[in-house]
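S.K.: sharing a sequence plus its predicted fold:
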Amino acid sequence: MSGGPGVLLPSLLSVLLLALTAVPAGAEGARSAVGEDRADGAGFRETTARTVGAHERARARADRLRAEDAAPARIEAADRHRGALREALEERLGAAARQAGDPVAVDPSGQAGRCPVPVRAEAPASGDSRPGDRPAWTAPTRHYWLSAGYAAQGSRWSHRHTGQDFAVPTGAPVYAVGPGIVHATTCGDGFGNQVVVRHPDGYFTQYAHLARVDVRRGQEVTAGERLGVSGATGNVTGPHLHFEVRITPYMGSAVAPLPWLRRKSVEVAPPAPTPSTADKRREIPREE
């Protein structure tokens with residue numbers, strides 16, 4: 001890790017701390033919170049992480065005001081604050097992603113990278129629920145082990161793990177956790193074949209290391225609709241699903257995925273271990 005907290009100028013720290021404790025008037029205030037330090041340094045990561053935290057506190061405040069049936073003006077102000085933080089974060093991370101050549105930013109349809117795309121929509125796989133039977137929100141796969149968790153540290157990641165890994169064999173169906181629009185279907189980087197879905201609440205979910213993608217960019221999906229099947233593409237040592245929840249489509253805006261799913265009334269937990277699966281646990285990868 002290069003750089004350090006000292007990379008941030010005192011004036012930037014003052015602006016950032018102010019932004020975390022006071023509601024800015026609009027997007028300009030949120031952009032001050034995001035800052036202007038370099039995308040390749042620790043200062044960039046630290047400032048971005050603080051802004052992600054500020055966004056999540058703003059989201060929690062808006063949720064709390066709704067639960068309390070607060071005055072509409074207070075709810076609208078909280079939503080504006082959250083939206084301004086999201087807009088500034090997306091602008092900043094999007095610029096960094098384009099500079100780095102992130103496929104989600106520069107080739108969201110996967111066409112330039114000649115990524116595999118479905119020729120036609122396929123019928124649900126055996127065991128998939130039909131549209132009328134699908135819940136509002138669901139887990140991203142079935143019959144899994146939870147392996148590497150969010151924010152895990154280790155030699156396999158340059159900083160920390162940004163999602164939740166579901167250890168499943170190659171070919172396991174991967175489902176949209178909720179309704180949304182397919183934002184990206186890309187390949188060619190450490191995430192391998194991946195799908196990114198934007199949901200009505202503004203969050204994005206990522207499904208990575210897929211063996212096959214069954215949807216296209218711009219396609220509308222429902223909870224429980226199959227997006228593809230699990231695999232071992234990208235930076236992995238074995239098959240698994242990397243599932244991530246982001247504030248923006250880009251790396252750097254991830255939030256803890258299991259609490260996010262619980263807010264959607266989805267409980268994700270590993271099934272009881274069996275001798276045959278327990279013997280395979282040491283083979284489960286812990287990649288991005």
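M.R.: Right, received. Where do you want to start?
S.K.: any idea which element residue 50 lies in?
M.R.: helix 42-67 (DSSP states H and E).
S.K.: now for that helix, which elements pack on it?
M.R.: Other elements packing on helix 42-67 under the criterion 3 or more Cβ pairs under 8 Å, 6 or more residues apart in numbering; DSSP states H and E are helix 10-21, helix 27-34, helix 72-100, strand 254-255. Bear in mind the C-beta positions are built from the backbone N, C-alpha and C, glycine included.
S.K.: make sure residue 227 is actually in contact with residue 213.
M.R.: Yes. Between residue 227 and residue 213 a contact is recorded at 7.0 Å, counting by Cβ atoms under 8 Å.
S.K.: overlap in contacts, these two.
M.R.: Any residue near both residue 227 and residue 213 by Cβ atoms under 8 Å, 6 or more residues apart in numbering counts here, and that gives residue 195.
S.K.: circling back to that earlier point, pull the distance from the helix holding residue 50 to the chain's centre.
M.R.: 15 Å (Cα atoms, centre = their mean, to the nearest Å).
S.K.: residue 135 contacts residue 223, doesn't it?
M.R.: Yes. Contact status for residue 135 versus residue 223: in contact at 5.8 Å, counting by Cβ under 8 Å.
S.K.: who's more crowded, the two?
M.R.: Set side by side, residue 135 and residue 223 show more neighbours around residue 223, with 20 against 15, by other Cβ atoms under 10 Å.
S.K.: name the SS class of the more buried one, please.
M.R.: coil (DSSP: H, G, I helix; E, B strand; the rest coil).
S.K.: return the residues in contact with it.
M.R.: 134, 135, 136, 137, 138, 175, 176, 177, 178, 179.
S.K.: quick one: it and residue 172, what's the gap?
M.R.: According to Cβ to Cβ, to the nearest Å, residue 223 stands 17 Å off from residue 172.
S.K.: likewise residue 47?
M.R.: Per Cβ to Cβ, residue 47 is found 38 Å from residue 172.
S.K.: pull the CA atoms of stretch 228-243 into CSV?
M.R.: Provided in CSV are the C-alpha atoms of stretch 228-243 (Å, rounded to 0.1, in the frame of the first residue of the first chain):
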residue,chain,number,x,y,z
GLY,A,228,-25.6,-17.0,-15.5
VAL,A,229,-23.8,-19.9,-13.9
SER,A,230,-20.9,-19.9,-11.5
GLY,A,231,-17.4,-20.6,-12.7
ALA,A,232,-13.7,-19.8,-12.2
THR,A,233,-13.0,-17.0,-14.6
GLY,A,234,-10.7,-14.2,-13.7
ASN,A,235,-8.3,-14.1,-10.7
VAL,A,236,-9.3,-17.3,-8.9
THR,A,237,-7.9,-20.7,-8.0
GLY,A,238,-11.2,-22.5,-8.0
PRO,A,239,-15.0,-22.0,-8.7
HIS,A,240,-17.0,-19.7,-6.6
LEU,A,241,-19.4,-16.7,-6.9
HIS,A,242,-18.1,-13.3,-5.8
PHE,A,243,-21.1,-11.2,-4.8
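S.K.: so for it, mean pLDDT?
M.R.: Throughout stretch 228-243, pLDDT has a mean value of 93.
S.K.: what about it, distance to the chain center?
M.R.: Worked out by Cα atoms, centre = their mean, stretch 228-243 lies 16 Å from the chain centre.
S.K.: now that stretch: buried residues?
M.R.: 228-236, 238-243 (16 or more other Cβ atoms under 10 Å).
S.K.: in strands, which of those fall?
M.R.: Those of these mapping onto strands are 228, 229, 230, 241, 242, 243, per DSSP state E.
S.K.: can you tell me which of these lies nearest to residue 145?
M.R.: Nearest to residue 145 among these is residue 241, at 10.8 Å by Cβ to Cβ.
S.K.: thank you kindly, that will do.
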